[in-house]
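> Sequence and predicted structure below; questions after.
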Amino acid sequence: MTNANNWKLNTKVVKIEHEDGNHASIPPIYQSTTFKAKNMDEMGQYDYTRSGNPTRTTLQEHLAKIIGCETVWAVNSGMSALDIIARLIKPGEHVVAGDDLYGGTQRLLTFLNTNGGANVSHIDLTNLDLVKKTITKDTAVVFLESPTNPLIKVVDLKSIADYAHSMNPNALVVFDNTMMTPLLMKPLELGADIQYESATKYLNGHHDIMAGIIATNSEDLAKRLFFVINSIGSGLAPFDSWLLLRGLKTLSLRLERQQSNALKLATWLQGQGLKVRYPGLKDHPQYELHHSQCKGDGAVLSFETGDLKTSEKIIAEVELYAITVSFGAVNSLISLPCKMSHAAIDPKVRAERDFPEDLIRICVGIEDVDDLIDDLNNALKKAGVVKN
Ligand SMILES: Cc1ncc(COP(=O)(O)O)c(C=O)c1O
Ligand SMILES: N[C@@H](CCSC[C@H](N)C(=O)O)C(=O)O
């Protein structure tokens with residue numbers, strides 16, 4: 001009699017089930033393109049790594065347990081995950097997407113829109129009246145992300161999914177859960193048909209691989225998604241699958257420290273009189289909504305200084321934070337989204353969407369929070385934002 005189904009998520013992330021025949025404690029890396037057939041009529045489970053690989057299977061099954069879903073496919077980046085999902089859209093179909101999605105997501109959806117692949121309406125998904133006006137019986141797919149990167153806006157997944165399905169039972173609600181991870185949010189339980197994540201971020205946690213995951217409870221969707229993955233060859237490579245398996249073991253521990261650091265840093269920044277966006281702050285406009293659908297706040301925050309040059313000076317002066325794009329690694333990062341992660345969005349579009357050019361994004365790591373505050377304090381002083 002096993003108790004495994006009752007294990008808490010903190011346990012499930014650590015306990016990787018696998019069997020390789022030699023009883024290795026850690027899942028081996030099957031760094032092999034091909035697998036031998038017993039004979040010409042019996043191919044066995046694996047033939048070619050594009051179609052399937054045991055290390056990738058171990059990862060996918062492990063993730064399915066963590067997410068609590070039927071199927072997970074591991075692919076070679078978060079963008080690849082989106083591309084695979086987008087191939088389910090038929091030419092000209094109506095797609096509704098947020099106006100504050102990650103820059104790369106916006107770029108791919110814009111490409112689809114301008115190349116006849118889809119008819120995309122980008123709207124403010126925090127406005128439920130607008131959502132109801134825009135989603136119709138002809139809407140085929142709704143793309144959501146929450147909290148958004150980097151404006152930290154929260155969308156009401158359950159209400160939007162219920163409404164989309166009431167208008168069109170076949171509509172696909174697709175949720176990008178990169179910011180929250182399966183530990184803090186369960187999009188499939190809230191009505192999403194497909195959940196995807198850039199595993200490059202928190203799931204791996206060490207900024208040493210690119211990876212994406214796609215999760216669903218629908219057997220039909222799982223098959224259609226696998227058809228695309230196998231056809232275009234976007235399954236995650238064995239070594240990257242192995243690194244992701246390794247990274248996942250510390251996900252819960254990393255997130256715990258990152259979130260506690262993020263809340264302290266956000267509170268401190270707010271104390272300096274800055275406009276801070278973080279869902280853990282009680283005055284976040286969607287604090288209640290966020291906490292009704294998530295178990296934590298993540299570790300990405302952003303703040304405005306009111307002046308682009310001041311923001312640039314702060315970023316130039318920090319010593320501890322790496323100036324890089326991306327988030328979810330164990331070390332803290334700082335960036336200017338309008339010039340870095342979100343440069344792919346036309347500046348005119350950014351302005352229309354109230355995307356502040358001076359917005360600084362911080363992705364909080366696991367360092368000692370006192371050092372993180374000290375370093376930022378020094379930079380704020382040098383930039384003339386604080387006096388002492
Ligand atoms: C919210 C979000 N979704 C998806 C992606 C794309 O993931 P990847 O970089 O792994 O392709 C990113 C960042 O790149 C992201 O921030
Ligand atoms: N040059 C890259 C930028 C990647 S941004 C990565 C990440 N999602 C973030 O928000 O920092 C590109 O063109 O995609």
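Sure thing, it's come through. Ligands and ions are numbered 1, 2, ... in the order given.
> Run through the residues of the chain sitting next to ligand 1.
Neighbours of ligand 1 within the chain, by C-beta under 6 Å from any ligand atom: 77-79, 102, 104-105, 145, 149, 176, 178, 198, 200, 210, 212. For the C-beta atoms, the positions are set from N, CA and C on the backbone; glycine is no exception.
> Could you export those as TSV, including pLDDT, distance to residue 369 and secondary structure?
Conversion of these to TSV gives the following (pLDDT from 0 to 100; distance: C-beta to C-beta, whole Å; DSSP: H, G, I helix; E, B strand; the rest coil):
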residue	pLDDT	distance to residue 369	secondary structure
77	98	31	coil
78	98	28	helix
79	98	32	helix
102	90	27	coil
104	91	30	helix
105	94	31	helix
145	97	27	strand
149	89	22	coil
176	98	28	strand
178	98	23	coil
198	98	25	strand
200	98	25	coil
210	98	29	coil
212	98	30	strand
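> restrict these to those near ligand 2?
Of the residues in the residues of the chain next to ligand 1, proximity to ligand 2 by C-beta under 6 Å from any ligand atom holds for 102, 104, 149.
> Which residues are in contact with the spatially closest residue to the second one that is not a sequence neighbour?
Yep, that's residue 104 we're talking about. Counting by C-beta to C-beta, 6 or more residues apart in numbering, residue 104 lies nearest to residue 79, which is 5.4 Å off, once chain neighbours are set aside. Each residue near residue 79 by C-beta atoms under 8 Å, 6 or more residues apart in numbering is listed here: 104, 105, 108, 198, 212.
> Residue 210 now?
Taking C-beta under 8 Å, 6+ apart as the criterion, residue 210 is in contact with 76, 77, 78, 200, 240.
> nearest to ligand 1, of these?
residue 78 (2.3 Å; C-beta to the nearest ligand atom).
> Confirm residue 74 sits in a helix?
No. With DSSP: H, G, I helix; E, B strand; the rest coil as the criterion, residue 74 is strand rather than part of a helix.
> Would you check that it makes contact with residue 64?
No. Using C-beta atoms under 8 Å, residue 74 is not in contact with residue 64, being 10.4 Å away.
> returning to what we had before: who wins for most neighbours among the contacts of residue 79?
residue 198 (29 neighbours; other C-beta atoms under 10 Å).
> where along the stretch 151-300 of the chain do the helices fall?
157-167, 181-184, 219-232, 238-248, 251-271, 287-293 (DSSP state H, counting those that start in this stretch).
> Show me the one of those that comes nearest residue 124.
Residue 124 lies closest to helix 157-167 among the helices of the stretch 151-300 of the chain, at 11.9 Å (C-beta to C-beta).
> what sits up against the closest one?
For helix 157-167, contacts defined as C-beta under 8 Å, 6+ apart pick out 96, 125, 128, 131-132, 135-137, 139, 142, 144, 146, 171, 173, 175, 187, 190-192, 293.
> how about that helix: buried residues?
By neighbour count with 16 or more other C-beta atoms under 10 Å, helix 157-167 contains the buried residues 157, 160, 161, 163, 164, 165.
> Dihedrals phi and psi, residue 18?
phi -160, psi 160 (degrees, to the nearest 10).
> Touching, it and residue 60? I think so.
No. The criterion here is C-beta under 8 Å, and residue 18 misses it with residue 60 at 11.5 Å.
> more neighbours, those two?
Using other C-beta under 10 Å, the more surrounded residue of residue 18 and residue 60 is residue 60, with 21 against 17.
> How about the nearest residue to the more buried one once chain neighbours are set aside: which residues does it bridge to?
Nearest non-adjacent residue to residue 60, counting by C-beta to C-beta, 6+ apart: residue 72, 4.6 Å away. For residue 72, the beta-bridge partners under DSSP bridges are residue 215.
> And residue 72, how close does it get to ligand 1?
Using C-beta to the nearest ligand atom, to the nearest Å, residue 72 is found at 15 Å from ligand 1.
> next one: residue 295
Distance, residue 295 to ligand 1, using C-beta to the nearest ligand atom: 18 Å.
> residues in contact with the residue nearest to that residue when sequence neighbours are not counted?
Counting by C-beta to C-beta, 6+ apart, residue 295 lies nearest to residue 184, which is 4.9 Å off, once chain neighbours are set aside. Contacts for residue 184 were tallied using C-beta under 8 Å, 6+ apart; they are 255, 294, 295, 296, 297, 298.
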